[in-house]
Structures are given as structure tokens and as C-alpha cells.
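**Student:** need a 3D model of the following:
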Amino acid sequence: MNKRCVGKVAERIAVTYLKSRGYKILTTNWTCLGGELDIVAYKRKLTFIEVKSAESGFCSPCDLFNYKKKRHLLRAVNSYLLKNYESATNIPDYSFDLISIEKNRGKYNLKHYSNLDLLN
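**Tutor:** Residues are numbered from 1 along each chain as shown. You can find the predicted model right below:
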């Protein structure tokens, strides 16, 4: 399976997981000039969720969530907020989550990291 297909499968797994945890999925694969948001969901607050996946043995999916990716994610989040909320006073509380999915011997192992600080 190529890298893009693995990513799409991982995003579908992540959406199913989030729905089972009571998240309302607002959009997936939202794109702008600044980048892409994998999943935008809501559960008590707006949550921007990055999905990272890898085949077992190559590297940890978390290792793929580096400084450059965080910077692109912040740019995309700012674009999303500007497009969907009229002013800064209307922007709801929001957070950043990471879902890492590792494929090992045909099985997928999911880990959910909540409330990440993207500035560090």
C-alpha cells in the first residue's frame, strides 16, 4: 500500500475512533494555502486533529510531527478560524490533538494525544 493510501486509511480509523468517543466531525481534509487540517471536530471545544501514520519499524508516527509540520498546522488553523469566524471575539476555545496510528503485522495501533502545545 502506498503512503497516501496508508494515510487515508489512518484518517478513516481516526474518524471512527473520534465518533465513538463522542466527537462531532465538522470537516476532514480542509485545505488552504497555508496547509491542510486532517480533522476538525467538536467535543466541549473545537479540536484540530493531526493524524500521523507509519508502518511499524520505520519510525514512530509521533516523530513525523516535527516543528515544520506544527508551523504549517498553525498556519492552516489560523486560516480556518479567519474563514469561519467573523471576529476574534467569536472564536471558541480550541485545542490541538495528535492521533498516531502505527500498522504492525496487519493491525493498527492508535494513540490519542490531547491538548498539545504547538508553540514548543
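**Student:** host element of the residue nearest in space to the middle of the chain?
**Tutor:** Centroid-nearest residue in the chain, with CA atoms, centre = their mean: residue 50, separated by 1.7 Å. Residue 50 belongs to strand 46-55 when assigned by DSSP states H and E.
**Student:** that strand packs against which elements?
**Tutor:** Under the contact definition 3 or more CB pairs under 8 Å, 6 or more residues apart in numbering; DSSP states H and E, strand 46-55 sits against helix 3-20, strand 35-42, helix 67-84, strand 94-104. Placement of C-beta: from N, CA and C, glycine included.
**Student:** returning to what we had before: distance of the residue nearest to the centre of the chain relative to residue 86?
**Tutor:** According to CB to CB, to the nearest Å, residue 50 and residue 86 sit 26 Å apart.
**Student:** circling back to that earlier point, bridging residues for the residue nearest to the centre of the chain?
**Tutor:** residue 98 (DSSP bridges).
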